[in-house]
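Student: compute the structure for the input listed below.
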Amino acid sequence: MKTKIRFASLALSLMLASGTALADIKIGVSMSQFDDTWLTYLREDMDKQAKSYPKADGVQLQFEDARADVVKQLSQVENFISQKVDAIVVNPVDTASTDRITKAAVAAGIPLIYVNRRPDQTDLPKGVVTVTSNDVEAGKLQMQYLAEKMGGKGKIVILLGDLANNSTTNRTNGVKEVLAKYPDIKIEQEQTGIWLRDKGMTLVNDWLTQGREFNAVIANNDEMAIGAAMALKTAGVEKGSVLIGGVDGTPDGLNAITKGDMAVSVFQDANGQAIGSVDAAVKMAKKEAVEQNVVVPFQLITPENVKDFK
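Tutor: Residues are numbered from 1 along each chain as shown. Sure, this is the predicted structure:
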């Protein structure tokens with residue numbers, strides 16, 4: 001009889017232990033797409049942050065790839081809700097199409113954190129937090145540096161990111177705020193390269209083939225900037241004669257600045273956004289207070305300080 005009691009006690013302890021494991025903090029994460037260089041760094045840093053918590057907290061992230069599909073992303077959020085996760089983190093596909101995501105999470109009483117891309121909606125409800133960087137500031141930092149290098153005159157081309165993303169709009173608005181102070185700098189061309197290196201290369205190659213002349217390429221991210229540098233090199237344009245600026249400060253972008261292929265970039269802190277978003281999700285899951293709008297600052301990267309970012 002004692003043996004049976006001992007086994008019953010052991011079974012109960014195992015059940016309790018299993019219950020503890022089931023009580024881990026579960027966070028559903030919907031990324032706009034996995035096939036993006038900078039967002040890959042963000043995702044990897046979020047995973048590292050989750051693993052940095054004490055085992056007692058048991059923070060678990062479930063990543064899903066929305067593949068740049070608004071409908072798919074909403075479905076992923078609805079699945080997270082049905083799974084009764086403790087918090088949801090979303091990197092929006094389309095910043096103008098987040099209303100249904102917000103309403104679904106709020107209705108379910110599940111904390112929602114938007115990371116990297118802030119929804120276009122100005123007043124977000126209680127229980128919804130954003131962890132982003134000020135994209136207007138990125139554009140201003142980038143363009144001010146290049147405007148000074150250009151001596152306040154010349155022609156530029158702008159490589160836009162995804163037009164459905166307000167990071168594209170805001171970075172470009174920042175560029176144009178600076179240009180308002182430099183009437184002798186004209187925009188020769190402005191087209192979307194949808195954040196992609198090969199698209200940036202194709203656009204710049206097309207402009208060169210058309211005989212267009214420009215003194216600088218302003219790209220909304222490093223990938224398109226690197227593509228622009230590749231096109232100029234292929235066309236035999238002397239390195240440095242056309243200034244190239246990017247945004248993000250990716251390892252490839254830093255190497256391009258070191259080699260003289262890019263003149264400047266603006267560091268977007270993936271680790272800072274990762275820590276901020278996961279930390280907010282964990283605290284909100286524990287019913288702890290968090291700041292509703294967390295802003296991670298951008299930093300200018302030039303040939304003089306590029307080594308500080310490696």
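Student: and the helices in the stretch 101-250 of the chain?
Tutor: For the stretch 101-250 of the chain, applying DSSP state H, counting those that start in this stretch gives helices covering 135-149, 166-179, 197-209, 222-234.
Student: what about residue 247, distance to residue 307?
Tutor: Distance, residue 247 to residue 307, by CB to CB, to the nearest Å: 19 Å. Using the backbone N, CA and C atoms, a C-beta is placed for each residue, glycine as well.
Student: so who does residue 29 touch?
Tutor: Residue 29 is in contact with 43, 46, 61-64, 88-91, counting by CB atoms under 8 Å, 6 or more residues apart in numbering.
Student: now the buried members of these.
Tutor: Using 16 or more other CB atoms under 10 Å as the burial test, these include 43, 46, 61-62, 64, 88-91 as buried.
Student: could you work out the most separated pair of the contacts of residue 29?
Tutor: The span of those, defined through CB to CB, is set by 43 and 88 at 15.1 Å.
Student: where along the stretch 151-300 of the chain do the strands fall?
Tutor: For the stretch 151-300 of the chain, the strands defined by DSSP state E, counting those that start in this stretch occupy 154-160, 185-192, 216-219, 243-245, 265-267, 293-295, 299-301.
Student: next, format the ones you listed as a markdown table and append mean neighbour count, distance to residue 210 and mean pLDDT.
Tutor: Listed next are these as a markdown table, based on neighbours: other CB atoms under 10 Å; distance: least, CB to CB, whole Å; pLDDT from 0 to 100:
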| stretch | mean neighbour count | distance to residue 210 | mean pLDDT |
| --- | --- | --- | --- |
| strand 154-160 | 23 | 11 | 98 |
| strand 185-192 | 16 | 9 | 98 |
| strand 216-219 | 29 | 15 | 98 |
| strand 243-245 | 26 | 19 | 98 |
| strand 265-267 | 28 | 27 | 98 |
| strand 293-295 | 15 | 40 | 96 |
| strand 299-301 | 20 | 31 | 98 |
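Student: before we move on, back to that, looking at the buried ones among the contacts of residue 29, which is nearest residue 236?
Tutor: Of all the buried ones among the contacts of residue 29, the one with the least separation from residue 236 (CB to CB) is residue 43, at 38.2 Å.
Student: mind checking which of residue 247 and residue 307 has more residues around it?
Tutor: Each of residue 247 and residue 307 has its neighbours counted (other CB atoms under 10 Å); residue 247 has more, 32 against 10.
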